[in-house]
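Participant: Would you be able to build a 3D model of this:
(one chain, ligands or ions: 2)
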Amino acid sequence: MWMRSCFLHRLVASSVKISEAAGGVIKDILCDGDLKIIDKGGSGKTADLQTEADRAAQYCIVKSLHAVFGDKITIIGEEETTSFTPRIEKGFCSKVLSLNDKCPENLRDINPEDVVIWVDPLDGTVEIANAAKKSAAVLAQVTVLIGIAYRGRPIAGVIHQPYYEGRENGRTVWAINGVGTYGMDYVKEDNKEQKIVVTTRSHGTSSVDAALDALNKKGLADTVVRVGGAGYKVMRILEGAAAYVFASQGCKKWDTAACEAVIEGTGGRLTDISGRLLNYEKGVQLNNTGGVLVTACWVDHQDYLNSIPDALKEALPEFQAKN
Ligand SMILES: Nc1ncnc2c1ncn2[C@@H]1O[C@H](COP(=O)(O)O)[C@@H](OP(=O)(O)O)[C@H]1O
Ligand SMILES: [Mg+2]
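Facilitator: Ligands and ions are numbered 1, 2, ... in the order given. Predicted coordinates:
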């Protein structure tokens, strides 16, 4: 079936399987216990940690994509690789291939040279690196993110959550523009009781809090839940939260590419906190310097944009001057 499918459906079908293989690599290393943590040097006072699981999962993803699609494909990933023996995954998800006929006309014949694959092999690193006890609640925040951009915009994405309710293979949500978001039943309507907003647990700043306060006063953030990882926060939106608000810098393109495709596939939106679309071309600035705002399909994105104070928006420009 894979031979009859277009490049995009093959790429997503393969990325689903590869994300699950990377999730297996992460689990193997976490079981082993030695995370070999290093600090890559984060912005401000916060650390930017990397573990052996991040490196091994990155290696698995890059080597597997090269094995299936050749090494000319452009992959931009968060981590360096490792000496860890890579697990190569060459399978395809049959559900993705079975929906090949739904692929929109304009995405059927895309040139692989115009595609950039954004990889975050282990989103939520700080949460597992710092947790004294790796409880189910901590492990659930780990996701593997593979985002597919075409001519600078996300057209497909995969979020794999290796630890989910004790399921051996966790769960995997994937999306293709115009085809939809698959892998879980997402919440499509306001629960009418309260608006939950998810935000960072470990990269908080005064501007993050100021944005949340402003939203709270407008009735757009009744409850704030602080959890790790961009991928996990988007999963929480699919499960009923209204929005993910991060009015600060530090989140990168590999954190948002898959998230954007998945949320757009549900009818939700992802922009920076000023409403600007993010650019995912090769060679772009990696940092989402304008912050991140993600809203559920049942939420008015513009209401959230309007309620974030202008001073915060001005402090988070689209581009960062290079030193
Ligand atoms: N100040 C900062 N420095 C480094 N990374 C940051 C950051 N703020 C956000 N991020 C990155 O954005 C992602 C989501 O952040 P958070 O969980 O705090 O909401 C995390 O990805 P990783 O977990 O893959 O590193 C995190 O590292
Ligand atoms: Mg990340």
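Participant: for Pro154, helix, strand, or coil?
Facilitator: Classification of Pro154 by DSSP: H, G, I helix; E, B strand; the rest coil places it in strand.
Participant: can you count the residues close to it?
Facilitator: 28 (other C-beta atoms under 10 Å). For every residue, glycine as well, the C-beta is placed using N, CA and C.
Participant: Look up how far Ala175 lies from it.
Facilitator: As judged by C-beta to C-beta, to the nearest Å, Pro154 and Ala175 stand 9 Å apart.
Participant: residues shared between the contacts of those two?
Facilitator: By C-beta atoms under 8 Å, 6 or more residues apart in numbering, Pro154 and Ala175 have these common neighbours: Ala261, Glu264.
Participant: would you put the C-alpha positions of stretch 92-108 in CSV?
Facilitator: The C-alpha atoms that make up stretch 92-108 are tabulated as CSV, following Å, rounded to 0.1, in the frame of the first residue of the first chain:
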residue,chain,number,x,y,z
PHE,A,92,4.6,2.5,7.9
CYS,A,93,1.4,3.2,9.8
SER,A,94,-1.3,1.5,7.8
LYS,A,95,-4.0,4.0,9.0
VAL,A,96,-2.1,6.9,7.5
LEU,A,97,-1.6,5.1,4.2
SER,A,98,-5.3,4.1,4.1
LEU,A,99,-6.3,7.8,4.1
ASN,A,100,-4.1,8.6,1.1
ASP,A,101,-7.1,9.4,-1.0
LYS,A,102,-8.0,12.3,1.4
CYS,A,103,-4.8,14.1,0.8
PRO,A,104,-5.5,17.6,-0.6
GLU,A,105,-4.6,18.1,-4.2
ASN,A,106,-2.0,20.8,-3.4
LEU,A,107,-0.1,18.4,-1.1
ARG,A,108,-0.1,15.3,-3.3
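Participant: Pull out the buried positions in that stretch.
Facilitator: For stretch 92-108, burial by neighbour count (16 or more other C-beta atoms under 10 Å) applies to Phe92, Cys93, Val96, Leu97, Leu99, Asn100, Cys103, Leu107.
Participant: what sits opposite whichever residue of the chain sits closest to ligand 2 in the beta ladder?
Facilitator: Nearest residue of the chain to ligand 2 (C-beta to the ion) works out as Asp123 at 3.6 Å. Judged by DSSP bridges, the bridge partners of Asp123 are Thr143.
Participant: I'd say it and Leu145 touch.
Facilitator: Yes. With contact defined as C-beta atoms under 8 Å, Asp123 and Leu145 form a contacting pair (5.3 Å).
Participant: what about the two, which has more around it?
Facilitator: Using other C-beta under 10 Å, the more surrounded residue of Asp123 and Leu145 is Leu145, with 31 against 28.
Participant: Assign that one to one of the three secondary structure states.
Facilitator: Applying three-state DSSP: Leu145 is strand.
Participant: quick one, what contacts it?
Facilitator: Counting by C-beta under 8 Å, 6+ apart, Leu145 has contacts 19, 118-120, 123, 157-159, 230-231, 254-255, 257-259.
Participant: Which of those has the largest number of neighbours?
Facilitator: Comparing these on neighbour count, Ala258 comes out first with 35 neighbours (neighbours: other C-beta under 10 Å).
Participant: so which helix or strand takes in that residue?
Facilitator: Using DSSP states H and E, Ala258 maps to helix 253-266.
Participant: Do any residues in the next helix or strand after that helix lie close to ligand 1?
Facilitator: Note on helix 253-266: by DSSP H and E, the next helix or strand toward the C-terminus is strand 269-271. No. Remark: strand 269-271 sits outside contact range of ligand 1, by C-beta under 6 Å from any ligand atom, the gap being at least 13.1 Å.
Participant: picking that back up, so what's the gap between the helix holding Ala258 and the chain middle?
Facilitator: 6 Å (C-alpha atoms, centre = their mean, to the nearest Å).
Participant: got it, and stretch 107-127?
Facilitator: For stretch 107-127 - counting by C-alpha atoms, centre = their mean - the centre lies 9 Å from the chain centre.
Participant: picking up where we left off before, for Asp123 and Leu145, list the residues in contact with both.
Facilitator: Contacts common to Asp123 and Leu145, judged by C-beta under 8 Å, 6+ apart, are Ala230, Gly231, Asp255.
Participant: What helix or strand is the closest residue to ligand 1 within the chain located in?
Facilitator: Scanning the chain for the residue nearest ligand 1 gives Gly250, at 2.4 Å (criterion: C-beta to the nearest ligand atom). Taking DSSP H and E as the definition, Gly250 sits outside all helices and strands.
Participant: Around ligand 2, pick out the residues from the stretch 1-150 of the chain.
Facilitator: By C-beta under 5 Å from the ion, the residues of the stretch 1-150 of the chain that approach ligand 2 are Asp120, Asp123.
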